[in-house]
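Novice: quick one, what's the 3D model for this:
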Amino acid sequence: MTNDPTRNSQGERVDLRTSEPAAANMLSTAEAAERRRAEEAQDEGGSLLILDTIPGLVAILTPAGEVAAVNHELVEYCGQPLEAMKQWGTNGTVHGDDLPRIGPVFAQAIAAGDPYDFEARIRRFDGIYRWCQVRGLPWRDTNGLIGRWYVVLVDIDERKRAEDALRESERELRLIVDSIPGLVATCNSAGEVEFVNRPMLEYFGRTLEEQKHWASSDMLHPEDLPRVVELFRDSIASGDPFDFETRARRSDGIYRWFQSRGFPLRDTNEHIVRWYILLIDIDERKRAETELRRAYDSFADGQRLSHTGSFITDLVGDDHNWSEEAFRIFDFEPGSRVSVQRIRDIIHPEDLPSFESVIARGMTGENVTFAFRIVSRPGAIRHVRGVAHVVERVSGRPLFIGALQDVTDSKVAEEALDRARSELAHVARVSTGSALTASIAHEVNQPLSGIITNAGTCLRMLAADPPDVNGARETARRTLRDGNRAADVITRLRALFSKREFTLEPLDLNEVTREVMALSLNDLQRNRVVLQSEFADDLPMISGDRTQLQQVVLNLLRNALDAMRTVDDRPRQLLIKTGCDADDRVRVTVRDTGVGLAVESVNKLFDAFYTTKVEGMGIGLSVSRSIIEKHQGRLWAEPNDGPGATFSFAIPAGPD
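Specialist: I've put the predicted structure just below:
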């Protein structure tokens, strides 16, 4: 616009003198323009007044982007007058680090006439830069031309700080989540995967997008997938947390066991907004559980097969922890409560004193062994034996760990074995009858001949005239002597070959051995065997079964005699000795000069049915060993340094 009346609206000079109508027209145009300027000035003044009433930071820019006006709030905020504000791009009003970023944005918006919106740090009156959001909107006239720009600045420094704090918190949260020793994921309320942590990305070796399709991929073991999908869908539908175990496929193709736990996050209205899922690697634990289960099963199988139960007991507190086999042995319901009284109620009445003694000793903290019978139901008697040792003390009370065994079968077998041994011993004794027949006949025949002779002599003496009474009396005494001698032989034979139960009594091994020697003396003499004896004086008494021990001595003596039957190049000598061993045992030794023993056969001699004789049965030494072991003793054999062998047995001295 121009105020020159000699120029038209296009700036062309005109001659007012030659064109009065034109001049008049020019004057009216000038007046209209002046009116417009006045109106614009009035509008601008009104706009400035309005700007100062706005409770915010506002500026007006020219179409070229230069600051034309600012309101009072912006002047107060920046602490600079309008003239200084016009230099905002060079005087530090805007932070120097932000100018390279916002400069091109501002210039492009002014050139294109497009609104702009950016964030920049503006210097406050106190020199502190604060974040502001800057928005510029163009104002256009009726012809669409930009007449001015209106700019609004909003202080967003607190929001920016909050956003920075939130981002920092999110960063720290992400670091925390990534450092969790487990796989973490979040799902939306519908169960769709939204986020996974770094360990989960690394474990599966798949992107987030790929893991969103876990239910239709091989991320989980095919055998587990149907079960897991069903459990997961049920939890999503019900809103209940889930907890299950599954095998997840590692990036190298190996499946490992994981425990998967899911928890819902609810808003204030109890609506689920997110699911948090944690997968913990439990593969090592599962392997350990498998090994432990295998070991426990083996342990339980071993207890079941051996009929052995285990227990941990606090006798004072009457608290008992039993294994399954222990419950089975006592016919108690597995897992039911065990008490001392409950056990006492099924103890065999004859064994109650022994049981009470064990409990009393256990109460004092003493290690105990026990053996008793239980009557778990009518007619069902079981033999139980066991041991319990103190392992620690809890509150001053002894805590026992122990084992008990159902030995009913072995007891029955032992009784059957005892009967079989008795039968074998009897057979062995009877089997020697043929070999002793001649000796027995001789032993009995001699006193019988004496009796007959003496009886005839006595009759002749009484028939004499006068009768020889004194001679008849002496002859009668000799008859009685020979009769008693025959009776003694019969008594010893009956005792030797009798069949009776095992009976303990105080015995003198010297006497037992002499009786066997007396029975075998004639047989030994007939086979030219020189019998020698060395009996220890003051030999301690033993507790044993006379008949069975005589059977052992007889077996050893008969074996020695058999071993010397074929010996003709040296004397046949048999030595029977008694004595005491250093461990308070009484020993009997039978030493011969027979064919001897092979070293390799020494350990087999006492096996049942093993024999070195052509016509032997192989039961004599086996039965003898069982008899000696029943007397808590030991029977053994040794080759001599010279010809022959030595058999010995030793039995504890004193009453059992």
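Novice: check contacts around Arg385.
Specialist: Thr369, Phe370, Ala371, Phe372, Leu404, Gln405, Val407 (Cβ atoms under 8 Å, 6 or more residues apart in numbering). To be clear about C-beta, it is placed using only N, CA and C from the backbone, and glycine gets the same treatment.
Novice: most neighbours, which of the residues you listed?
Specialist: Counting neighbours by other Cβ atoms under 10 Å, Leu404 leads the contacts of Arg385 with 23 neighbours.
Novice: my guess is that one contacts Arg382. True?
Specialist: No: contact between Leu404 and Arg382 fails when scored by Cβ atoms under 8 Å: they sit 10.6 Å apart.
Novice: in the helix or strand hosting Glu172, what's buried?
Specialist: Element membership of Glu172, judged by DSSP states H and E, is helix 157-179. Buried residues in helix 157-179, counted by 16 or more other Cβ atoms under 10 Å: Lys160, Val177.
Novice: direction included, what does the next helix-or-strand element following that helix pair up with?
Specialist: Next along the chain after helix 157-179, taking DSSP H and E as the criterion, comes strand 183-187. The pairing partners recorded for strand 183-187 under DSSP bridges are strand 193-196 (antiparallel), strand 272-281 (antiparallel).
Novice: how much does the longest one deviate in direction from helix 157-179?
Specialist: Comparing the axes of strand 272-281 and helix 157-179 via axes from the mean of the first three to the mean of the last three Cα atoms, to 10 degrees yields an angle of 30 degrees.
Novice: pull the CA atoms of strand 272-281 into CSV?
Specialist: C-alpha atoms of strand 272-281 as CSV (Å, rounded to 0.1, in the frame of the first residue of the first chain):
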residue,chain,number,x,y,z
ILE,A,272,-8.2,-58.4,33.9
VAL,A,273,-6.0,-56.1,31.9
ARG,A,274,-2.9,-58.2,31.6
TRP,A,275,-1.4,-61.6,32.4
TYR,A,276,2.1,-62.0,33.8
ILE,A,277,3.8,-65.4,33.0
LEU,A,278,7.0,-66.8,34.5
LEU,A,279,8.7,-70.0,33.2
ILE,A,280,11.3,-71.4,35.6
ASP,A,281,13.8,-74.0,34.4
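Novice: could I get the full set of strands for the stretch 251-400 of the chain?
Specialist: In the stretch 251-400 of the chain, the strands defined using DSSP state E, counting those that start in this stretch lie at 255-266, 272-281, 308-314, 319-322, 368-377, 380-394, 397-406.
Novice: redo these as CSV? Include distance to Thr246.
Specialist: Below are the strands of the stretch 251-400 of the chain laid out as CSV (distance: least, Cβ to Cβ, whole Å):
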stretch, distance to Thr246
strand 255-266, 6
strand 272-281, 8
strand 308-314, 35
strand 319-322, 34
strand 368-377, 46
strand 380-394, 40
strand 397-406, 38
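Novice: of all these, which one is nearest Ala190?
Specialist: Proximity to Ala190 (Cβ to Cβ) singles out strand 272-281 among the strands of the stretch 251-400 of the chain, at 9.3 Å.
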